[in-house]
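>>> Predicted model follows, preceded by the sequence.
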Amino acid sequence: MNNTADVIIIGSGIVGGSAAYYMAKKGLKVLVLEKDMIGHGASSRNGAGVRISGRVDSEFGIARVAIREIWPTLSEELEVDTEYEKPGSFLMAVKEEQMAALHRSCERALKQEIEAEVIDGDELRRRCPYISEKVVGAVWYPEDGFANPMKTTLGYYKQGRKLGVRYVTGEEAVEIRKCRGRARQVVTAAGNIYEADKIIVAAGFESRALMKTVGIHLPFLERIDECLITEPQPPMFRYRLSCVDGNFYGHQTQHGSFIFGGNTNMERYEDTYAGQPRNTASSVSDKARNAALFVPALRGAKIVRYWAGWLDSTIDRLPVIQEIPEVPGLISACGFSGHGFALGPGMGRLLTEMVTGEPLCADISAFQYDRFHAEGCFGPRTNYPKV
Amino acid sequence: MILDRSRDIGEFVPEKDDDLIICRCEEITKGEIRRAVHEGMWTMTEVRRYLRTGMGLCQGKTCGRNVKAIIAKELGVKPVQLEDCRARGPARPVEMGTFGDETEACIEE
Ligand SMILES: Cc1cc2nc3c(=O)[nH]c(=O)nc-3n(C[C@H](O)[C@H](O)[C@H](O)COP(=O)(O)OP(=O)(O)OC[C@H]3O[C@@H](n4cnc5c(N)ncnc54)[C@H](O)[C@@H]3O)c2cc1C
């Protein structure tokens, strides 16, 4: 089979898959290379949150496009039930000291013209009686929601494939090669060579190694993130919940199961980096404790599954989205640092515009790879949570 | 295994027993599984994520083999060429309170 295309996308997650779909709609010949199976990475393993809130200004543009313009009609577009819903979310605090962070989050949202409101614990329990007495306050974000990550990611694949996108799975890209100064070829572990005018790297953490083959260094950490899901429960509430410390989030899915996730920040010190992402010893029980702390009625709910996935975490937790100036034809679309599922549909549109040369739907000037500088271990952009 | 997902596997042809329930926990029929294959779901995991086969209470222990045989037949390959359902913990459903054993201590701080 002919191994040339207009665009090669490396990685079949939501970023690569949505880009492939929108490009095929524009009539481009697209080839997606996936080292494992469709949606093997974070896109099928994430916590399903689709929020517009909690975005720094630079990322807000892409979130806005995704959440206001694409997600609402995505199920019809993909002819798959993505289970997208926008019932609103509560960002909660369990300690008085955390209230200041809630107010900061709310102020930023209001400046971005997102509806937001700080409420106290009693008002929160009035709106959602299942929430524990331990919660002292929350911000209400009516535009936030969730979707089914697996069906959305596979939906983009299914619909792209129908439009003629060629997907090759089990085909691991190992090297990008230049021709006359431009990125031109992708070499795979099996020794196959594919060629295109544009090459998009949307391979999650592994993007780092691929970019290195053309001398571009992206400072990523490979971090693990974990979720659990319960047996279906009777309908309780539709809201998305999260805690301002980042160690708890979740909601009741359409199916009735509750999904919970969160990061204790200790996972990365455990030895889980053995090929497949594995759950860490402490994390699942930590989530179970948190679920019972925030929603006491769930203490007896049974966990049926837990799993882990990789985060492609940059030092400032923002992505790298750019056609690399030193390697024309090579586009980086990675480093989503744990919040790329919601952005995925917007990324597909944006990458398509980058390839076709149309005006961009969001400003990406803050996402260039040369923004990373050495700043010392207590510098302003370290990966440690600010106290 | 390298798979070109553009390989022609032929049209979806309805069969008499398409209404047969294969995954009993989630009530997924043979016809739904066969259709998913034609929509591009060529692995056990993709079908599972797309339709929820094996995502219910038994976590695929009952229907896994049957699902595999249906996918393999549709693709014209041998069942051994497909991966097994990935087992995820816990081995059987466990209550949140039991799993997060220190619940009381944690809530009381
Ligand atoms: C547990 C968890 C919870 C999360 N919760 C949320 C959430 O609630 N909301 C949210 O918005 N985001 C969340 N995220 C983050 C989100 O899932 C990711 O940011 C997003 O899925 C990234 O999509 P992607 O397409 O860039 O990467 P991925 O989905 O990781 O896709 C990359 C693909 O590239 C493939 N690949 C890698 N190397 C190669 C190679 N050499 N050759 C070919 N293919 C290759 C991989 O197999 C993979 O399929 C969470 C992540 C995790 C792990």
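Right, received. Where do you want to start? Numbering: from 1, shown residues only, chains lettered A, B, ... in the order given.
>>> what's the distance between the residue in chain B positioned nearest to chain A and A:Ile62?
When Cβ to the nearest Cβ is the measure, chain B has its nearest residue to chain A at B:Gly100, with 3.2 Å between them. Yep, even glycine has a C-beta here, placed from its N, CA and C like the rest. B:Gly100 is 35 Å from A:Ile62, where distance means Cβ to Cβ, to the nearest Å.
>>> Neighbour count for these two, which is higher?
Counting neighbours by other Cβ atoms under 10 Å in any protein chain shown for B:Gly100 and for A:Ile62 shows that A:Ile62 has the greater number, 27 against 23.
>>> which ones are touching the more buried one?
Residues in contact with A:Ile62, defined by Cβ atoms under 8 Å, 6 or more residues apart in numbering or on different chains, are A:Leu343, A:Gly346, A:Met347, A:Leu350, A:Ala362, A:Ile364.
>>> Return the distance of A:Val201 relative to chain B.
Relative to chain B, A:Val201 is positioned 20 Å away (criterion: Cβ to the nearest Cβ, to the nearest Å).
>>> Distance of that residue relative to A:Cys361?
As defined by Cβ to Cβ, A:Val201 lies at a distance of 21 Å from A:Cys361.
>>> What of B:Leu51?
The separation that B:Leu51 has from A:Cys361, given Cβ to Cβ, amounts to 33 Å.
>>> The two - which one has more neighbours?
In this view B:Leu51 and A:Cys361 are compared by other Cβ under 10 Å, and B:Leu51 has more residues nearby, 23 against 18.
>>> Just to check, A:Ser64 is in contact with A:Ile52?
Residue A:64: Arg, not Ser. Yes - proximity of A:Arg64 to A:Ile52 meets the contact threshold set by Cβ atoms under 8 Å, at 6.6 Å.
>>> And A:Leu102, which helix or strand is it part of?
In the assignment (DSSP states H and E), A:Leu102 maps to helix A:99-111.
>>> Give me the residues contacting that helix.
Taking Cβ under 8 Å, 6+ apart as the criterion, the residues outside helix A:99-111 that touch it are A:53-54, A:57, A:91, A:93, A:115-118, A:136-139, A:141, A:244.
>>> For that helix, list every residue counted as buried.
Taking 16 or more other Cβ atoms under 10 Å in any protein chain shown as the basis for neighbour counts, the residues of helix A:99-111 that come out buried are A:Met99, A:Leu102, A:Ser105, A:Cys106, A:Arg108, A:Ala109.
>>> Tell me the gap between it and the middle of its chain.
Between the mean C-alpha location of helix A:99-111 and the chain-wide mean there is a distance of 22 Å, by Cα atoms, centre = their mean, to the nearest Å.
>>> just to revisit the earlier point, how near is the residue of chain B closest to chain A to A:Ala288?
The spacing between B:Gly100 and A:Ala288, counted by Cβ to Cβ, is 3 Å.
>>> Then A:Pro129?
A:Pro129 sits at a distance of 22 Å from A:Ala288 (criterion: Cβ to Cβ).
>>> tell me the contacts of the residue nearest to A:Arg51 when sequence neighbours are not counted?
The spatially closest residue to A:Arg51, leaving aside those adjacent along the chain, is A:Asp144, at 4.1 Å (Cβ to Cβ, 6 or more residues apart in numbering or on different chains). Under the criterion of Cβ under 8 Å, 6+ apart, the contact partners of A:Asp144 comprise A:Gly49, A:Val50, A:Arg51, A:Ile52, A:Ser53, A:Lys86, A:Gly88, A:Ser89, A:Arg240.
>>> and the residues you listed as JSON lines, adding secondary structure?
Putting the contacts of A:Asp144 into JSON lines (DSSP: H, G, I helix; E, B strand; the rest coil) gives the following:
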{"residue": "A:Gly49", "secondary structure": "strand"}
{"residue": "A:Val50", "secondary structure": "strand"}
{"residue": "A:Arg51", "secondary structure": "coil"}
{"residue": "A:Ile52", "secondary structure": "coil"}
{"residue": "A:Ser53", "secondary structure": "coil"}
{"residue": "A:Lys86", "secondary structure": "coil"}
{"residue": "A:Gly88", "secondary structure": "coil"}
{"residue": "A:Ser89", "secondary structure": "strand"}
{"residue": "A:Arg240", "secondary structure": "strand"}
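>>> For B:His38, state which of the residues you listed is nearest.
Nearest to B:His38 among those is A:Val50, at 28.8 Å by Cβ to Cβ.
>>> tally of neighbours for that closest one?
Neighbouring residues of A:Val50 were enumerated by other Cβ under 10 Å; the total is 26.
>>> for it, which residues make a bridge with it?
Each beta-bridge partner of A:Val50 is listed here, defined by DSSP bridges: A:Gly145.
>>> State the distance from it to chain B.
When Cβ to the nearest Cβ is the yardstick, A:Val50 and chain B sit 18 Å from each other.
>>> From what I see, A:Gly16 and A:Ala202 are in contact.
Yes - here A:Gly16 lies in contact with A:Ala202, judged by Cβ under 8 Å, at a distance of 3.8 Å.
>>> So between those two, which is more surrounded?
The neighbour comparison of A:Gly16 against A:Ala202 (other Cβ under 10 Å) goes to A:Gly16, with 36 against 30.
>>> What are the buried residues along stretch B:13-29?
In terms of neighbour count (16+ other Cβ under 10 Å), stretch B:13-29 has its buried residues at B:Ile22, B:Cys23, B:Cys25, B:Glu26, B:Ile28, B:Thr29.
>>> Taking these together, which two end up most distant?
Distances among the buried residues of stretch B:13-29 were taken as Cβ to Cβ; the most separated pair is B:Cys25 and B:Thr29, at 13.2 Å.
>>> how about the residues of the stretch 251-387 of chain A near the ligand?
Listed as neighbours of the ligand in the stretch 251-387 of chain A under the rule Cβ under 6 Å from any ligand atom: A:Gly261, A:Gly309, A:Trp310, A:Leu311, A:Cys334, A:Phe336, A:Gly338, A:His339, A:Gly340, A:Phe341, A:Ala342.
>>> Redo those as TSV? Include secondary structure.
Supplementary listing: these in TSV, determined by three-state DSSP:
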residue	secondary structure
A:Gly261	strand
A:Gly309	strand
A:Trp310	strand
A:Leu311	strand
A:Cys334	strand
A:Phe336	coil
A:Gly338	coil
A:His339	coil
A:Gly340	coil
A:Phe341	coil
A:Ala342	coil
